[in-house]
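S.K.: Got a sequence here, can you model it:
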Amino acid sequence: MRNRGGIQGLASNPILVGAVTVLVVIVAVFLAYNANNGLPFVSTYDLKARVPNADALVKGNEVRIGGVRVGIVESVVPVQLENGEVAAELSLRLDQNVDPLPVDSTITIRPKSALGLKFLQVTPGDSSQGFEAGDTIPVSAATPEPVDIDEFFSMFDKKTRDAIRQNLAGFGNAFAGRGPQLNEAFGALRRLVVNGQPVLRTLVAPSTDFAGFWRALEALSATVAPVAETQASMFVALDRTFGAFARVSRPYIQETIEKSPGTLDAVNADLPALNPFLKSSERFFAALQPGAKALGETSPVIAAALHAGVPALNASPVLNDQLQPTAEALVAFQEAPGVFNGLDLLIDTNRILKPALTFITPAQTVCNYGTLLFENLARSNGQGNGQGKWLNFLSFEPPKGPNSEGGPASAPANGGSGEKANHLHFNPFPRTAAPGQDNVCEAGNEKYAAGKTVIGHAPQLWGTETRGQVEK
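M.R.: Sure thing, here's the model as predicted:
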């Protein structure tokens, strides 16, 4: 009964109740005021961190790991780094459960709301070593560089906004009234995705080295980077080109596109029939190439002939007037008795001479031997040396040796050595490019075989060219 009375007496004392109430309010206000700095009498894990720019981070902002609050920023002060640059140093008061923070952790200042409130985002690393309490997280860990929402929206300048409006208007005009076609395209896209799965599995397979393709593409981009200005000028030229196309897009290009499907169908139907013609044309032009090359080489001669032919063509009417009487005379000559007998005799003569001419003609047309014969005959009495002309008799001593021309011989000259070496080289029937003789001009092209007797065809020839031939 006394206790109850004591309690009732305490509660009935307004001064004491007021004092207790004021004390509780003071303690609550103190705790609320220091809530951002942590609860008193609670141990913390204190670190320092340096960032290139505090970016409006202030005292009392939160420190988060994985979106969970693990501490606060106790202070933000500017510092000068060893390289002379200015950075911000943050004093962090973290919970004990963060200790130790891996040394390869990164920090980023991120916005907490659109009103500009920030917090420090800590991304722990996987190192087995951690920061000791009081250590400083280096400025190199402050990556990536944060981007504020005002910086994000600053990219929408007037030029960009105008371009976006133009894009929206263009896409709106492009999609307007094309709902069925778009639905059909989306349906086809679904089938494409289903059918493209095997292709994608092949692309991502280790054997295809798809990652190597992108590395090579990166290397290619680095290679073409020095010519970026040239490429930019190319795109400017393309813009002018497409602008020119736009001016003729309607009706010319539009009509071309509309008529292209029918044209392609007609081409697909006609190409099989054209294939034999194209193959024949290919063979024709391949065979025409040597003639075209020769025509290019002889075009100066042809041009000169054309210039020379103009006077002849001017005089041709007079010749044409004389052709008719000449033709009539030829007809009368043909009808005269004995003409056909003479033609028959010419035919027989040609038939008789053909084998001999076939064998003899290459000696001149290929080897030029006939020209050389008459040329040598013409020069034989006009050329020589100090002893006399070639047709004059010169006294000289024949070479010595077995069977030499200076004495009796039982066989062709075939022996001796040094100055007495004497070997006969004689070919009574040299090859003259006649049929069956391998197109060889042997006379005059034999290579002398030292120390060896050669009778008949030479063992080695210099070639088929002789003196005085016209270069082909």
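S.K.: how about the helices in this protein?
M.R.: Listed in chain order, the helices of the chain (DSSP state H) span 2-11, 14-33, 149-153, 158-175, 179-204, 210-224, 228-247, 254-335, 339-365, 369-379.
S.K.: ok, and what's touching the fourth one?
M.R.: Contacts made with helix 158-175 from outside it, assessed by C-beta atoms under 8 Å, 6 or more residues apart in numbering, are listed as 156, 182. Where C-beta positions appear, they are placed from N, C-alpha and C, glycine not excepted.
S.K.: relative orientation of it and helix 179-204 in degrees?
M.R.: For helix 158-175 against helix 179-204, the angle by axes from the mean of the first three to the mean of the last three C-alpha atoms, to 10 degrees is 110 degrees.
S.K.: could we number from 727 for the rest of this?
M.R.: New numbering, starting at 727: the last item is helix 884-901.
S.K.: ok, back up a step: residue 1170: which of the helices of the chain is closest?
M.R.: helix 1095-1105 (7.8 Å; C-beta to C-beta).
S.K.: Check which helices and strands the closest one is in contact with.
M.R.: Here helix 1095-1105 touches helix 1065-1091, going by 3 or more C-beta pairs under 8 Å, 6 or more residues apart in numbering; DSSP states H and E.
S.K.: Show the average pLDDT along the helix it packs on.
M.R.: In this model, helix 1065-1091 has an average pLDDT of 84.
S.K.: sorry, back to before: could you dump the helices of the chain to JSON lines with distance to residue 845 and mean neighbour count?
M.R.: Compiled in JSON lines, these are given as follows (distance: least, C-beta to C-beta, whole Å; neighbours: other C-beta atoms under 10 Å):
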{"stretch": "helix 728-737", "distance to residue 845": "46", "mean neighbour count": "9"}
{"stretch": "helix 740-759", "distance to residue 845": "20", "mean neighbour count": "10"}
{"stretch": "helix 875-879", "distance to residue 845": "14", "mean neighbour count": "10"}
{"stretch": "helix 884-901", "distance to residue 845": "30", "mean neighbour count": "10"}
{"stretch": "helix 905-930", "distance to residue 845": "38", "mean neighbour count": "10"}
{"stretch": "helix 936-950", "distance to residue 845": "35", "mean neighbour count": "10"}
{"stretch": "helix 954-973", "distance to residue 845": "39", "mean neighbour count": "10"}
{"stretch": "helix 980-1061", "distance to residue 845": "57", "mean neighbour count": "10"}
{"stretch": "helix 1065-1091", "distance to residue 845": "103", "mean neighbour count": "12"}
{"stretch": "helix 1095-1105", "distance to residue 845": "108", "mean neighbour count": "13"}
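S.K.: Rebuild these as a markdown table, extending it with distance to residue 1177.
M.R.: Shown next, in a markdown table, are the helices of the chain (distance: least, C-beta to C-beta, whole Å):
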| stretch | distance to residue 1177 |
| --- | --- |
| helix 728-737 | 151 |
| helix 740-759 | 126 |
| helix 875-879 | 99 |
| helix 884-901 | 94 |
| helix 905-930 | 74 |
| helix 936-950 | 67 |
| helix 954-973 | 72 |
| helix 980-1061 | 46 |
| helix 1065-1091 | 31 |
| helix 1095-1105 | 29 |
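S.K.: And the ones you listed: which comes nearest residue 867?
M.R.: Of those, the one closest to residue 867 (C-beta to C-beta) turns out to be helix 875-879, at 21.8 Å.
S.K.: What average pLDDT does that closest one get?
M.R.: 65.
S.K.: again with stretch 952-970
M.R.: Rounded mean pLDDT across stretch 952-970 is 87.
S.K.: Give me the residues contacting it.
M.R.: Outside stretch 952-970, the residues that touch it by C-beta under 8 Å, 6+ apart are residue 950.
S.K.: ditto for stretch 854-864
M.R.: By C-beta under 8 Å, 6+ apart, the residues outside stretch 854-864 that reach it are 771-776, 815, 825-829, 831, 833.
S.K.: Show the buried residues in the residues you listed.
M.R.: 771, 773-776, 815, 825-827, 829, 831, 833 (16 or more other C-beta atoms under 10 Å).
S.K.: mind giving me JSON lines with the residues you listed and columns for pLDDT and distance to residue 891?
M.R.: Converted to JSON lines, the buried ones among the contacts of stretch 854-864 look like this (pLDDT from 0 to 100; distance: C-beta to C-beta, whole Å):
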{"residue": "771", "pLDDT": "87", "distance to residue 891": "53"}
{"residue": "773", "pLDDT": "88", "distance to residue 891": "49"}
{"residue": "774", "pLDDT": "88", "distance to residue 891": "49"}
{"residue": "775", "pLDDT": "89", "distance to residue 891": "44"}
{"residue": "776", "pLDDT": "88", "distance to residue 891": "44"}
{"residue": "815", "pLDDT": "90", "distance to residue 891": "46"}
{"residue": "825", "pLDDT": "84", "distance to residue 891": "54"}
{"residue": "826", "pLDDT": "87", "distance to residue 891": "54"}
{"residue": "827", "pLDDT": "89", "distance to residue 891": "49"}
{"residue": "829", "pLDDT": "88", "distance to residue 891": "50"}
{"residue": "831", "pLDDT": "90", "distance to residue 891": "45"}
{"residue": "833", "pLDDT": "88", "distance to residue 891": "40"}
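S.K.: Which strand runs longest in the protein?
M.R.: Using DSSP state E to define each element, the chain has its longest strand at strand 794-806.
S.K.: quick one: strands adjacent to that strand?
M.R.: The pairing partners recorded for strand 794-806 under DSSP bridges are strand 788-791 (antiparallel), strand 812-820 (antiparallel).
S.K.: circling back to that earlier point, of the buried ones among the contacts of stretch 854-864, which belong to strands?
M.R.: The strands, defined by DSSP E, take in 771, 773-776, 815, 833 from the buried ones among the contacts of stretch 854-864.
S.K.: Can you report phi and psi for residue 1168?
M.R.: Dihedral angles of residue 1168 (phi, psi; degrees, to the nearest 10) stand at phi -90, psi -40.
S.K.: looking at this structure, which helix or strand is least sure?
M.R.: helix 728-737 (a mean of 53; mean pLDDT, DSSP states H and E).
S.K.: ok so, going back, make TSV from the strands paired with strand 794-806 and add distance to residue 1138 to it.
M.R.: Converted to TSV, the strands paired with strand 794-806 look like this (distance: least, C-beta to C-beta, whole Å):
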stretch	distance to residue 1138
strand 788-791	114
strand 812-820	110
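S.K.: quick revisit: from the contacts of stretch 854-864, which is closest to residue 749?
M.R.: residue 772 (31.2 Å).
S.K.: quick one: pLDDT of residue 828?
M.R.: Note on residue 828: pLDDT of 91.
S.K.: same check, this time on the one 4 residues further on
M.R.: pLDDT for residue 832: 89.
S.K.: Residue 897 too?
M.R.: So residue 897 comes in at 83 (pLDDT).
S.K.: could you measure it against residue 990, distance?
M.R.: To residue 990, residue 897 is 29 Å away according to C-beta to C-beta, to the nearest Å.
S.K.: cool, and residue 1102?
M.R.: With C-beta to C-beta as the criterion, residue 1102 and residue 990 are 73 Å apart.
S.K.: what bits of the stretch 1027-1176 of the chain have low per-residue confidence?
M.R.: In the predicted model of the stretch 1027-1176 of the chain, residues 1106-1124, 1142-1146 satisfy pLDDT under 70.
S.K.: hmm, try it at 90
M.R.: Applying pLDDT under 90 to the stretch 1027-1176 of the chain picks out residues 1027-1077, 1079-1176.
S.K.: Cool, thanks, signing off.
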